[in-house]
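# no sequence for this one, just the structure:
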(Lines give C-alpha, C1' and ligand atoms only; values in the text may rest on other atoms or scores of the structure.)
Protein backbone atom coordinates (compact mmCIF):
# COMPACT_ATOMS: atom_id res chain seq x y z
CA UNK A 1 0.00 0.00 0.00
CA UNK A 2 1.25 3.50 -0.82
CA UNK A 3 1.28 5.49 2.44
CA UNK A 4 2.02 9.16 3.15
CA UNK A 5 3.12 10.27 6.62
CA UNK A 6 1.66 13.63 7.61
CA UNK A 7 4.00 16.47 8.55
CA UNK A 8 3.09 16.03 12.22
CA UNK A 9 4.34 12.41 12.28
CA UNK A 10 7.97 11.79 13.28
CA UNK A 11 10.09 11.49 10.14
CA UNK A 12 11.83 8.34 11.36
CA UNK A 13 8.47 6.57 11.64
CA UNK A 14 8.88 5.68 7.94
CA UNK A 15 10.65 2.49 9.00
CA UNK A 16 7.83 1.25 11.26
CA UNK A 17 5.56 -0.10 8.54
CA UNK A 18 7.32 -2.86 6.57
CA UNK A 19 5.61 -4.18 3.48
CA UNK A 20 4.29 -0.75 2.53
CA UNK A 21 5.71 2.07 0.43
CA UNK A 22 5.97 4.82 3.05
CA UNK A 23 6.89 8.41 2.13
CA UNK A 24 6.99 11.40 4.47
CA UNK A 25 5.40 14.67 3.33
CA UNK A 26 8.80 16.34 3.80
CA UNK A 27 10.31 14.01 1.19
CA UNK A 28 7.98 15.60 -1.37
CA UNK A 29 8.55 19.17 -0.18
CA UNK A 30 4.96 19.21 1.09
CA UNK A 31 5.90 20.47 4.55
CA UNK A 32 4.03 23.74 3.91
CA UNK A 33 0.78 21.97 2.98
CA UNK A 34 -1.83 21.47 5.68
CA UNK A 35 -4.86 19.23 6.00
CA UNK A 36 -7.15 19.74 2.96
CA UNK A 37 -4.37 20.77 0.58
CA UNK A 38 -2.13 17.94 1.75
CA UNK A 39 -4.94 15.40 1.40
CA UNK A 40 -5.72 16.63 -2.12
CA UNK A 41 -2.04 16.51 -3.14
CA UNK A 42 -1.65 13.02 -1.68
CA UNK A 43 -4.76 11.72 -3.41
CA UNK A 44 -3.64 13.25 -6.71
CA UNK A 45 -0.21 11.63 -6.34
CA UNK A 46 -1.70 8.16 -5.95
CA UNK A 47 -1.32 7.67 -2.21
CA UNK A 48 -3.92 5.32 -0.73
CA UNK A 49 -3.51 6.25 2.94
CA UNK A 50 -2.25 9.20 4.96
CA UNK A 51 -1.12 8.45 8.51
CA UNK A 52 -1.49 11.33 10.95
CA UNK A 53 -1.50 12.11 14.66
CA UNK A 54 -3.67 15.20 14.01
CA UNK A 55 -6.86 14.59 15.96
CA UNK A 56 -8.69 17.46 14.27
CA UNK A 57 -8.97 16.06 10.74
CA UNK A 58 -12.11 14.06 11.48
CA UNK A 59 -13.91 17.26 12.50
CA UNK A 60 -12.39 19.57 9.88
CA UNK A 61 -12.81 17.45 6.76
CA UNK A 62 -15.85 15.88 5.13
CA UNK A 63 -14.95 12.23 5.65
CA UNK A 64 -17.25 11.12 2.82
CA UNK A 65 -15.24 13.24 0.37
CA UNK A 66 -11.70 12.25 1.36
CA UNK A 67 -9.50 11.54 -1.68
CA UNK A 68 -7.72 8.77 0.27
CA UNK A 69 -8.08 7.03 3.61
CA UNK A 70 -6.90 8.87 6.71
CA UNK A 71 -5.39 6.67 9.40
CA UNK A 72 -5.30 8.60 12.68
CA UNK A 73 -2.97 7.46 15.44
CA UNK A 74 -4.53 8.61 18.69
CA UNK A 75 -1.32 8.78 20.70
CA UNK A 76 -0.42 11.09 23.57
CA UNK A 77 2.46 12.47 21.49
CA UNK A 78 4.02 12.15 18.06
CA UNK A 79 7.50 11.05 19.12
CA UNK A 80 8.99 7.91 17.68
CA UNK A 81 8.89 5.72 20.84
CA UNK A 82 5.12 6.15 21.18
CA UNK A 83 4.55 5.56 17.46
CA UNK A 84 6.76 2.45 17.63
CA UNK A 85 4.66 1.13 20.53
CA UNK A 86 1.53 1.41 18.37
CA UNK A 87 3.10 0.28 15.07
CA UNK A 88 1.77 -3.29 15.26
CA UNK A 89 -1.78 -1.92 15.58
CA UNK A 90 -1.22 0.55 12.75
CA UNK A 91 -0.15 -2.35 10.53
CA UNK A 92 -3.42 -4.12 11.38
CA UNK A 93 -5.34 -0.91 10.73
CA UNK A 94 -3.78 -0.54 7.28
CA UNK A 95 -5.75 -3.64 6.25
CA UNK A 96 -8.96 -1.86 7.29
CA UNK A 97 -7.98 1.12 5.16
CA UNK A 98 -8.98 -0.86 2.09
CA UNK A 99 -12.60 -0.76 3.31
CA UNK A 100 -12.94 2.58 5.14
CA UNK A 101 -12.19 6.26 4.49
CA UNK A 102 -11.22 6.98 8.11
CA UNK A 103 -9.53 4.60 10.54
CA UNK A 104 -8.29 5.44 14.03
CA UNK A 105 -5.85 3.49 16.20
CA UNK A 106 -6.57 4.17 19.86
CA UNK A 107 -3.95 4.37 22.61
CA UNK A 108 -4.83 0.87 23.80
CA UNK A 109 -4.55 -0.58 20.28
CA UNK A 110 -8.27 -0.72 19.51
CA UNK A 111 -9.12 0.11 15.91
CA UNK A 112 -12.08 2.36 15.13
CA UNK A 113 -13.45 2.50 11.58
CA UNK A 114 -15.63 5.24 10.10
CA UNK A 115 -17.18 5.87 6.69
CA UNK A 116 -17.16 2.63 4.71
CA UNK A 117 -15.95 2.86 1.11
CA UNK A 118 -18.76 2.39 -1.36
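Thanks, I have the structure now. Please read these numbers as outputs of a predicted model, since none were measured by experiment. Numbering: from 1, shown residues only.
# Give the next helix or strand downstream of whichever helix in the chain runs longest.
In terms of residue count, the longest helix belonging to the chain (DSSP state H) is helix 80-96. Beyond helix 80-96 in the direction of the C-terminus, DSSP states H and E gives the next helix or strand as strand 100-105.
# which helices and strands sit right next to that next one?
With contacts defined as 3 or more Cβ pairs under 8 Å, 6 or more residues apart in numbering; DSSP states H and E, the secondary structure elements packing on strand 100-105 are strand 69-73, helix 80-96, strand 111-116. To be clear about C-beta, it is placed using only N, CA and C from the backbone, and glycine gets the same treatment.
# report the angle between the axes of it and strand 69-73?
Taking axes from the mean of the first three to the mean of the last three Cα atoms, to 10 degrees, one finds that strand 100-105 is oriented at 10 degrees with respect to strand 69-73.
# What is the distance between strand 100-105 and the centre of its chain?
The gap between where strand 100-105 is centred and where its chain is centred comes out at 8 Å by Cα atoms, centre = their mean, to the nearest Å.
# Quick check: buried residues in stretch 63-75?
66-73, 75 (16 or more other Cβ atoms under 10 Å).
# Report the buried residues of the helix-or-strand element of the chain with minimal mean pLDDT.
Within the chain, confidence by mean pLDDT, DSSP states H and E is lowest for helix 57-60 among all helices and strands, at a mean of 91. Neighbour-count burial for helix 57-60, counted by 16+ other Cβ under 10 Å, picks out residue 57.
# does the residue most central in space within the chain have beta-bridge partners, and which?
What sits nearest the mean C-alpha location of the chain, by Cα atoms, centre = their mean, is residue 51, with 1.3 Å. Going by DSSP bridges, residue 51 is paired in beta bridges with residue 5, residue 71.
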